[in-house]
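> Using only what follows, build the 3D model:
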Amino acid sequence: MELLIAIILISVILATVAGGYLFVYGRLLENIRVQNVHLQMDYALENIRLHCLSAVRIEDESLFTAGLDGAKDSFSFEGESDIHNITPDNSTDNTVYTYCLDESKNLVLKYSPDQKEILIDAQYSPNITFQYYEGAEPNFLTVTVTAATLEGNISKTEGLRFWFTDAVGSS
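All right, here's what the predicted structure looks like:
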């Protein structure tokens, strides 16, 4: 009888320890996942900011109209291939960059004819919005990146200034 009680108590203790371990392990994995999405979002926003600094021409479909608020889910512009060597008078070293969601729902930077870089993985259901607000400073847009985790959506916004081109066309 005592042996049976000892076996039951040990089983309950082992089940409790295993359950606690699984709970802590699950929380640890979710914490890693949240930190990973934060890193990817920060990297995406920094990538956009750095490439937009070297923009010399905005593609027609990405231009915003003066006097009207607007939002776009992709943004294309011509910028320097080497973002650390800005040569606005020399277009031979330029590349067209496009920030958008690809067919797999990854947030990507497309450049050159067939190259792309994944900025935020599709497992986080990313979304991107480039926005212009009427009355904002000249050539100033905001970009908002949103991603999903088990705990809810995470959203980050950053302002973009264009120095060598106009992001807002005439009305």
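> Shouldn't V24 be within a strand?
No - going by DSSP: H, G, I helix; E, B strand; the rest coil, the assignment for V24 is helix, not a strand.
> For this protein, give me the ranges with low pLDDT.
67, 170-171 (pLDDT under 70).
> same for the helix or strand hosting L14, what does it pack against?
Taking DSSP states H and E as the criterion, L14 maps to helix 2-53. Packing contacts for helix 2-53, counted by 3 or more Cβ pairs under 8 Å, 6 or more residues apart in numbering; DSSP states H and E, involve strand 75-80, strand 107-111, strand 115-120, strand 140-149, strand 152-161. For every residue, glycine as well, the C-beta is placed using N, CA and C.
> what about C52, neighbour count?
Close neighbours of C52, defined as other Cβ atoms under 10 Å, add up to 25.
> and what of A66?
Neighbour tally, A66, other Cβ under 10 Å: 13.
> ok, so what distance separates it from S112?
31 Å (Cβ to Cβ, to the nearest Å).
> Surely Y133 is in contact with A71?
No - using Cβ atoms under 8 Å, Y133 makes no contact with A71, being 9.7 Å away.
> check contacts around the closest residue to E80 other than its chain neighbours.
Spatial nearest neighbour of E80, chain neighbours left out: S54 (3.8 Å); criterion: Cβ to Cβ, 6 or more residues apart in numbering. S54 sits next to G79, E80, I83, I86, F164 when contact means Cβ atoms under 8 Å, 6 or more residues apart in numbering.
> And the furthest pair within the residues you listed?
Maximum pairwise distance among the contacts of S54 (Cβ to Cβ): 12.2 Å, between I83 and F164.
> Let's have the helices and strands packed on helix 2-53 in JSON lines, adding mean neighbour count.
As requested, the helices and strands packed on helix 2-53 are exported to JSON lines (neighbours: other Cβ atoms under 10 Å):
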{"stretch": "strand 75-80", "mean neighbour count": "22"}
{"stretch": "strand 107-111", "mean neighbour count": "20"}
{"stretch": "strand 115-120", "mean neighbour count": "16"}
{"stretch": "strand 140-149", "mean neighbour count": "19"}
{"stretch": "strand 152-161", "mean neighbour count": "13"}
